[in-house]
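Visitor: Let me see the structure of the following:
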Amino acid sequence: MAAPVCPTPVAVPTVDVPDPGGPGFNLSTATTSSWGTSKIDGKSKAYKVAAIIEANGIAYLGGDFKKMTRGGSSKTRNRLAAVNGATGEITSWNPNASGKVHAMELSADGKNVFVGGDFSYIGGKYTSKLAKVNLATGKVDPNFRVSVKGRVRALTLHGERLYVGGDFWTIGGQPRPKLAAVNPYTGALLPWTPPTLGPGRHLGQTGIPTPDYEAGHVFAIEAIGNKVFAGGNFTNFGCQEGLVTIDADTGGLVEPQYDPGRPIFDLEAFGGMLYAVGGGPGGRAYAYSPNDDDPVWRLKVDGDNMGVAVSASTVYVAGHYDYVVSKDSSCYQFCPGGPRRHHLLAVNRADGQLLAWNPDANTSTGPYTAFVGQNALYVGGEFTEINFQKQPGFTIFPGTP
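Guide: Okay, here's the model as predicted:
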């Protein structure tokens with residue numbers, strides 16, 4: 001088979017990057033008692049919270065759960081729920097999704113949430129894998145209509161575009177392998193076409209590159225200025241592996257193209273910088289400038305990094321790891337020579353230096369996602385305990401993240 005012809009990334013004007021740093025964090029390692037999901041019968045893990053956003057002090061959750069619990073109480077909540085960030089109380093918001101929710105993104109006016117996943121109905125209304133749901137009523141916006149053939153795993157809103165990523169080949173009836181852009185008001189597909197997605201993916205959590213396997217998926221999307229960044233387990237997205245940079249106007253490759261060499265599971269843009277976390281042989285976290293392909297800093301741990309959340313001062317990383325690994329160590333699986341951090345850690349945003357914040361999440365996989373709120377850090381995943389106390393699937397760390 002002939003080698004693929006790889007497009008050349010185009011140089012574009014640099015993006016202004018403000019000086020990193022901000023008010024120091026004051027976040028508790030203790031949690032606010034709150035409603036969570038529930039433990040799966042016969043298993044050691046909880047039903048997963050895979051996505052979190054916050055609006056007006058309320059945390060909105062998506063995942064694979066079917067009920068929320070607190071102590072001996074439970075309430076039916078099919079894959080979508082809302083919890084007060086200050087009190088931990090569940091709210092009446094109950095959209096009722098028919099399948100798993102993988103991604104959520106707040107609308108520009110703060111009144112709706114875009115929801116992506118593997119569902120066909122929300123509140124009994126047909127909506128194929130992507131919907132716009134009102135935060136007050138839980139009802140689907142009938143003016144937003146789009147059909148996705150596959151699964152939606154990533155969403156980000158940037159200007160007048162909603163970028164959609166996942167495991168799909170067509171959207172709005174048109175070919176868009178794994179990445180597309182739609183109108184955030186109507187759901188109409190936009191004429192933005194990313195580079196060719198070729199075969200090959202990183203298989204499994206350890207990220208074994210397998211070039212003759214079917215094409216990988218997009219798990220995360222972010223945008224800074226006129227650049228769109230997509231992360232996933234692909235090995236050949238315009239000949240890029242794990243992370244690709246795309247022009248927001250033309251859909252072509254632009255500089256810089258990073259080279260993580262591993263699957264990227266989550267991205268967050270903050271202060272003109274891009275923060276990425278991934279798996280492979282040991283997990284990695286990176287801080288990237290949108291103008292340079294060399295990381296500003298990187299962090300090694302001994303398990304996959306699944307989620308990243310960023311505040312003015314701090315980067316929070318959630319994953320399957322147990323220890324931070326020194327830069328010069330070749331260890332990548334269970335590396336007790338470094339500082340212990342059991343599935344959650346915090347580093348200084350400017351230089352990646354490890355901070356003292358050190359809560360504990362249980363189960364082998366633990367957290368999958370985190371979100372920086374106004375007065376709390378929210379964490380979701382498959383854990384059943386936080387700090388050795390029962391707290392399944394979702395938790396709140398109060399304070400200034």
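
Visitor: List the buried residues for stretch 282-292?
Guide: Gly282, Gly283, Arg284, Ala285, Tyr286, Ala287, Tyr288, Ser289, Pro290, Asn291 (16 or more other C-beta atoms under 10 Å). C-betas here are computed from N, CA, C, even on glycine.

Visitor: Show me the residue sitting in the middle of the chain in space.
Guide: Asp266 (4.3 Å; C-alpha atoms, centre = their mean).

Visitor: Now do the contacts for the nearest residue to Asn226 once chain neighbours are set aside.
Guide: With C-beta to C-beta, 6 or more residues apart in numbering as the criterion, Asn226 has its nearest non-adjacent residue at 4.7 Å, and that residue is Ala248. By C-beta atoms under 8 Å, 6 or more residues apart in numbering, the contact list for Ala248 reads His158, Arg161, Trp192, Ala223, Gly225, Asn226, Lys227, Val228.

Visitor: try 7 Å this time
Guide: Ala248 makes contacts with Ala223, Asn226, Lys227, Val228, as judged by C-beta atoms under 7 Å, 6 or more residues apart in numbering.

Visitor: Same check on Pro359?
Guide: Pro359 makes contact with Thr29, Leu344, Ile386, Asn387, Phe397 under the criterion C-beta under 7 Å, 6+ apart.

Visitor: roughly how far apart are the third one and Tyr60?
Guide: Translated: Ile386. 20 Å (C-beta to C-beta, to the nearest Å).

Visitor: next one: the second one
Guide: Distance from Leu344 to Tyr60, counting by C-beta to C-beta: 21 Å.

Visitor: partner residues bridging the residue nearest to the centre of the chain?
Guide: Val277 (DSSP bridges).

Visitor: In this model Val308 seems to touch it, though I could be wrong.
Guide: Yes - if you go by C-beta atoms under 7 Å, Asp266 and Val308 touch, sitting 4.9 Å apart.

Visitor: Give me the common contacts of the two.
Guide: Common neighbours of Asp266 and Val308 (C-beta under 7 Å, 6+ apart) are Val277.

Visitor: and the end-to-end length of stretch 37-46?
Guide: Distance between the two ends of stretch 37-46: 7 Å, counting by C-alpha to C-alpha, to the nearest Å.

Visitor: Not counting its neighbours along the chain, what's nearest Phe144?
Guide: Counting by C-beta to C-beta, 6+ apart, the residue nearest Phe144 is Lys132, at 3.9 Å.

Visitor: so how far is Gly272 from the one you found?
Guide: 28 Å.

Visitor: before we move on, what about Gly399?
Guide: 25 Å.

Visitor: burial of Pro191, as a residue count?
Guide: For Pro191, the count of nearby residues is 7 (other C-beta atoms under 10 Å).

Visitor: Kindly report the same for Thr91.
Guide: Around Thr91 there are 16 residues (other C-beta under 10 Å).

Visitor: So it is in contact with Ala59, correct?
Guide: No - checked against C-beta under 7 Å, the pair Thr91 and Ala59 is beyond contact range at 9.5 Å.

Visitor: what touches both of the two?
Guide: Common neighbours of Thr91 and Ala59 (C-beta under 7 Å, 6+ apart) are Ala82, Val83.

Visitor: residues touching the residue nearest to the centre of the chain, list them.
Guide: Asp266 touches Phe219, Ala220, Val277, Met306, Gly307, Val308, counting by C-beta under 7 Å, 6+ apart.

Visitor: Among those residues, which pair sits farthest apart?
Guide: Greatest spatial distance among these (C-beta to C-beta): Phe219 and Val308, at 11.8 Å.

Visitor: List the buried residues in the helix or strand harbouring His202.
Guide: Per DSSP states H and E: His202 is located in strand 201-203. When burial is assessed from 16+ other C-beta under 10 Å, strand 201-203 yields the following buried residues: Arg201, His202.

Visitor: Lovely, talk soon.
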